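> quick one: sequence and predicted model below, then my questions.
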Amino acid sequence: MLGEPSWRYRDPAAWRNLENDLGVCLPADYKEIVDAYAPVYVNGHLYLSHPATERWNLGERIRSTSEAWSQIDWDEGEPEGDPRISLGVPDLVFGTREGLVPIAGTDRGEEIFYAPMGGQGSGSLFIENGEGEFFEYSFSFAEWLYLWLVGEEVTGPGGSAFYPGPVALRDLPMAPGERPETRYGPPRGM
């Protein structure tokens, strides 16, 4: 569905370093997709970063996004679909094993989090829809991505982003002034 992988930045040491820093093992399917395609902008909305690049660095993105989300005072109003209930934690934390790790985001304000302790400890995804509502999904990142690409509402009600035809992939620029071309996956018959 996504087309030929580039494997440009495959670097197992970068993943080990990131996971050691976080104290979290990220899902294998997520790492494989990121290694194959990232840093990339998918179908004009979804951004995937990579841990082995200086620009669009996944580790930096996780740290800065976690810091920003940690600044929110969650006691002033419980978020819809409050992840604390599912995670069994009193405080909502980000970038840790006990909380939510931001792994991707969209230009529409949606944030995709991996919850290592979600799904009864087997890991789950929480999607924040850009309006403070969280939705938990117990399927893998690859399954979530597939469903998102075929137009399912996996970022919350009204959140589908379906585009017929091949999936559009635009590599993110790695140097100032670089303008990567958009490449396309195989025809999907949609």
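Cool, the structure landed.
> use CA for all of it now, contacts and neighbours both
Noted.
> and for the helix or strand of the chain with the lowest mean pLDDT, what's in contact with it?
Sorted by mean pLDDT, DSSP states H and E, the helices and strands of the chain end with helix 83-87, the least confident at a mean of 88. For helix 83-87, contacts defined as C-alpha atoms under 8 Å, 6 or more residues apart in numbering pick out 90-92, 98-99, 115, 117-120, 126, 134, 136.
> shouldn't residue 114 be within a helix?
No - under DSSP: H, G, I helix; E, B strand; the rest coil, residue 114 falls outside any helix and is assigned strand.
> distance of it from residue 167?
24 Å (C-alpha to C-alpha, to the nearest Å).
> neighbour count: the two, which is higher?
residue 114 (29 against 22; other C-alpha atoms under 10 Å).
> okay, that one: pLDDT?
As predicted, residue 114 sits at a pLDDT of 98.
> was I right to think it contacts residue 103?
Yes - counting by C-alpha atoms under 8 Å, residue 103 is a contact partner of residue 114 at 6.5 Å.
> returning to that earlier point: in ChimeraX, select just the buried ones from the contacts of helix 83-87.
In ChimeraX syntax, the buried subset of these is picked out as below (16 or more other C-alpha atoms under 10 Å):
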select :92,98,99,115,117,118,119,126,134,136
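> ok, of the contacts of helix 83-87, which one's closest to residue 179?
The closest of the contacts of helix 83-87 to residue 179 turns out to be residue 126 (C-alpha to C-alpha; 32.3 Å).
> the spatially most central residue of the chain: what's it in contact with?
Residue closest to the average C-alpha location in the chain (C-alpha atoms, centre = their mean): residue 104, at 2.3 Å. Counting by C-alpha under 8 Å, 6+ apart, residue 104 makes contact with 46, 47, 48, 49, 111, 112, 113.
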